[in-house]
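> Build me a model:
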Amino acid sequence: MLGSDIQLFFQRKAPESYHTVGITRKDVDLANLELLAEFLSHLKPHIIIHCAAFTDVDGCENQKEKAFLINGKVAECLAKYAQTADTQLLYVSTDYVFSGDKGSPYGEEDPIAPINIYGHSKRAGEVAVLELAGKGAVIRTSWLFGQNGPNFVKTIANKAKTDGKLKVVNDQRGCPTFTVDLAEGIFHLVEAKASGIYHLSNSGECTWFEFAKEIVKEADIENVEIKPVPTKEFPRPAKRPPISILSCEKYNRLTGKPLRHWREALRAYFNTPSPEYNP
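Here you go, the predicted model:
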C-alpha cells in the first residue's frame with residue numbers, strides 16, 4: 001500500500017533525479033536473510049526505503065518469531081548493508097512503539113513502551129537502523145490508508161454498503177495518514193538527507209468512530225447507523241494504545257511542508273482514481 005505510492009511519487013516527481021526500483025516479494029523473500037543480503041550486493045542501491053512489514057497486529061501475538069524476523073531482523077540486515085555501502089536507509093515504523101498513556105502527542109524523544117508484540121518487533125527494527133546505519137532514518141507513522149491495499153477506510157465503506165449498521169471503538173485516538181501524502185513526506189526526508197527519528201502523519205486527530213463517520217460521509221453512503229463503543233466490546237489478542245497521536249513538529253521544521261489535515265486527505269482518497277502501479 002505505501003510502497004506503491006512511494007514508487008509512483010518518485011517516478012512522477014523526480015524521474016531525472018532518481019531511478020527507482022520497486023522490490024516486491026516476487027523479487028526477493030525477505031525472510032531469507034542470506035538471499036536478501038546477496039540481492040542487495042547485486043542491486044547496490046544508493047537509497048533504501050524500507051516499507052515492508054508484518055503488520056497483522058493480532059497475528060504478531062501468536063507468531064512472535066515471524067514478527068521479530070520480518071520487522072526486526074530484516075531491518076537489521078538492511079542496516080548492515082547500509083553501513084558497509086554508505087547507503088541512505090529510511091525505515092517506516094509505527095506509533096505502536098508507544099504505550100498510549102501519555103495523554104498528549106508523542107515526540108520523537110518520548111519514552112518507548114510497546115504494549116504488544118508488533119510494537120516490540122518494530123522497535124527492534126528501529127534500534128538496528130539507528131545503531132548500525134550511519135545514514136539511517138526511522139519514520140514513525142500511524143493509521144495508514146491508501147488505494148493499493150486493505151485498510152480501515154475500505155473495510156468501513158464496504159461494511160456500510162452491505163450491513164448498514166456499524167459498531168466502532170471510540171476510545172482510541174490517533175492520526176489517520178494517507179499513503180499518497182506519506183510518500184511525499186518521505187520524499188522530502190530523502191531530499192533533506194535526514195537521519196534519526198521523525199514522526200510523520202497527516203495533521204489532526206480523531207477516534208476510530210470519528211474516522212468511520214467521516215468515511216461514510218465522504219463515500220456518500222446514506223442510511224448508515226454507526227454506534228460508538230468502548231474497546232472492551234471488541235476483545236482482541238493484542239492491546240492497542242489508547243492515545244497514540246504523533247507530533248510532527250520536527251519534520252515540519254526540517255522540511256517546511258506539513259502534511260494536510262486527514263479530512264482533506266480522506267476526501268482526496270475518494271476523489272482520486274486508483275493509480276497504475278508497475279514495480
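> Which stretches in the stretch 101-250 of the chain count as helices?
117-132, 152-162, 179-191, 208-218, 249-255 (DSSP state H, counting those that start in this stretch).
> Return the list of helices and strands in contact with the helix or strand that the last one is followed by.
What that stands for is helix 249-255. Counting by DSSP states H and E, the next helix or strand C-terminal to helix 249-255 is helix 262-271. Here helix 262-271 touches strand 177-178, helix 179-191, helix 208-218, going by 3 or more CB pairs under 8 Å, 6 or more residues apart in numbering; DSSP states H and E. Just so you know, the C-beta spots here come from the backbone N, C-alpha and C atoms, and that holds for glycine as well.
> Low-confidence stretches in the stretch 101-250 of the chain?
For the stretch 101-250 of the chain, applying pLDDT under 70 flags no range at all.
> if we can go back for a sec, of all the helices and strands packed on helix 262-271, which one is nearest D29?
helix 179-191 (23.7 Å; CB to CB).
> Tabulate the CA atom coordinates of that closest one in PDB.
Output of helix 179-191 as PDB, limited to C-alpha atoms (Å, rounded to 0.1, in the frame of the first residue of the first chain):
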ATOM      1  CA  THR A 179      -0.200   6.900   1.900                       C
ATOM      2  CA  VAL A 180       0.000   9.300  -1.000                       C
ATOM      3  CA  ASP A 181       0.800  12.100   1.500                       C
ATOM      4  CA  LEU A 182       3.200  10.000   3.400                       C
ATOM      5  CA  ALA A 183       5.100   9.100   0.200                       C
ATOM      6  CA  GLU A 184       5.500  12.800  -0.500                       C
ATOM      7  CA  GLY A 185       6.700  13.400   3.100                       C
ATOM      8  CA  ILE A 186       9.300  10.600   2.800                       C
ATOM      9  CA  PHE A 187      10.500  12.100  -0.500                       C
ATOM     10  CA  HIS A 188      11.200  15.400   1.400                       C
ATOM     11  CA  LEU A 189      13.100  13.500   4.000                       C
ATOM     12  CA  VAL A 190      15.200  11.800   1.300                       C
ATOM     13  CA  GLU A 191      15.900  15.200  -0.300                       C
END
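> Check which residues of that helix are buried.
179-190 (16 or more other CB atoms under 10 Å).
> Output the helices and strands packed on helix 262-271 in a markdown table; the columns should cover distance to C248.
What follows is the helices and strands packed on helix 262-271, written out as a markdown table (distance: least, CB to CB, whole Å):
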| stretch | distance to C248 |
| --- | --- |
| strand 177-178 | 10 |
| helix 179-191 | 9 |
| helix 208-218 | 18 |
